[in-house]
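[1] here is a sequence together with a model predicted from it:
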Amino acid sequence: MALIETRNLWKSYIMGSETVHALRGVTIQIEKGEYVAIMGPSGSGKSTLMNLIGCLDTPSEGDYFLNGKLASKMSDDELATIRNREIGFVFQTFNLLARATALHNVELPLIYNGTPAKERIDKAKTALEKVQLTDRMHHKPNELSGGQRQRVAIARALVNSPSLILADEPTGNLDSKTSEDIMNLFDHLHGQGNTIITVTHEHDIAARAHRVLSILDGNIASDRAGARAKAGAV
């Protein structure tokens with residue numbers, strides 16, 4: 001069973017008197033343990049596809065299965081639950097609480113799902129250890145560098161042991177050296193068995209993935225092995 005399966009996925013919007021089709025019958029499968037990049041220019045439909053995969057939106061037509069569950073037919077409450085349990089999000093803008101410590105920011109998904117306090121703190125510390133940031137756990141975002149803030153966001157994504165890490169332009173606000181460090185971290189996390197999907201318009205970021213889906217005008221234009229896979233990287 002594929003971790004992600006979409007069948008003839010459409011997403012349409014009414015813009016005045018016009019209907020805009022952001023996705024046009026997208027059918028893909030992504031297996032557990034894959035590292036996939038979704039590429040495309042602005043307006044191609046990649047952000048729409050990411051929102052559907054991340055259960056942040058529902059399709060106009062077609063079916064979306066996440067871990068065997070038919071997410072495309074779920075209620076808003078059911079989608080919120082599946083987002084919390086199954087998906088770890090990493091955003092370009094980090095989305096951290098400014099007044100909270102790194103540790104508390106990482107705890108947030110566990111607070112939402114009712115995890116007891118001691119277990120919550122232990123899991124948050126373990127997640128920060130995975131991104132090599134235990135020495136900064138009591139610092140607030142304004143006391144951290146951009147790369148450290150993104151590491152906190154990645155730890156938060158990992159804390160629930162999700163089925164999927166979904167990263168939206170994860171290096172968009174970082175300099176080239178810090179971007180390299182963050183992408184090396186994604187390589188490491190993938191090597192530990194995590195399923196990763198990164199959405200990007202940057203070819204060097206997509207080249208880190210083992211599979212690249214290119215989207216254009218709401219359709220999958222190509223589905224090819226990434227540079228890492230071609231080079232025989234594990």
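    Looks like it came in fine.
[2] can we go C-alpha only for contacts and neighbour counts from here?
    Will do.
[3] so, low pLDDT: which residues of this protein?
    Along the chain, segments meeting pLDDT under 70 span 228-234.
[4] now do the helices in it.
    46-53, 76-86, 102-112, 117-130, 146-158, 176-191, 203-206, 227-230 (DSSP state H).
[5] pretty sure residue 34 is touching residue 198, no?
    No: checked against C-alpha atoms under 8 Å, the pair residue 34 and residue 198 is beyond contact range at 11.1 Å.
[6] who has more neighbours out of the two?
    Just comparing residue 34 and residue 198: by other C-alpha atoms under 10 Å the higher neighbour count belongs to residue 198, 25 against 19.
[7] and the more buried one, how far is that from residue 165?
    Distance, residue 198 to residue 165, using C-alpha to C-alpha, to the nearest Å: 8 Å.
[8] check residue 194 too.
    Taking C-alpha to C-alpha, one finds residue 194 at 7 Å from residue 165.
[9] and residue 63, by the same measure?
    21 Å.
[10] ok, now residue 31?
    Taking C-alpha to C-alpha, one finds residue 31 at 13 Å from residue 165.
[11] ok, now how distant is the residue nearest the centre of the chain from residue 197?
    The centroid of the chain falls nearest to residue 166 when counting by C-alpha atoms, centre = their mean (0.9 Å). Plainly put, residue 166 is 5 Å away from residue 197 if you go by C-alpha to C-alpha.
[12] ok, back up a step: who's in contact with the residue nearest to the centre of the chain?
    Residues counted as contacts of residue 166 (C-alpha atoms under 8 Å, 6 or more residues apart in numbering) are 54, 87-90, 196-199.
[13] between these, which is nearest residue 174?
    Minimum distance to residue 174 across those is 13.5 Å, recorded for residue 90 (C-alpha to C-alpha).
[14] I figured residue 90 hits residue 164, correct?
    No: applying C-alpha under 8 Å, one finds residue 90 not in contact with residue 164, separated by 10.9 Å.
[15] so which of the two has more stuff around it?
    Under the criterion of other C-alpha under 10 Å, the comparison of residue 90 against residue 164 puts residue 164 first, with 28 against 25.
[16] hang on, isn't the more buried one packed against residue 194?
    Yes: Residue 164 is in contact with residue 194 according to C-alpha under 8 Å; the separation is 7.0 Å.
[17] can you give me the end-to-end span of stretch 215-226?
    End-to-end distance of stretch 215-226: 15 Å, with C-alpha to C-alpha as the criterion.
[18] give me the contacts around it.
    21-26, 38-41, 43-46, 206-214.
[19] quick check on these: which are buried?
    Buried residues within the contacts of stretch 215-226, counting neighbours by 16 or more other C-alpha atoms under 10 Å: 21-26, 38-40, 44-46, 206-214.
[20] how close does residue 160 sit to residue 221?
    For residue 160 relative to residue 221 (C-alpha to C-alpha), the value is 34 Å.
[21] likewise for residue 140?
    Using C-alpha to C-alpha, residue 140 is found at 42 Å from residue 221.
[22] neighbour count for these two, which is higher?
    Neighbour count, other C-alpha under 10 Å: between residue 140 and residue 221, residue 140 has more, with 19 against 13.
[23] now the more buried one: how far from residue 100?
    Residue 140 is 6 Å from residue 100, by C-alpha to C-alpha.
[24] correct me, but residue 26 touches residue 45?
    No: between residue 26 and residue 45 there is no contact under C-alpha under 8 Å: 10.2 Å.
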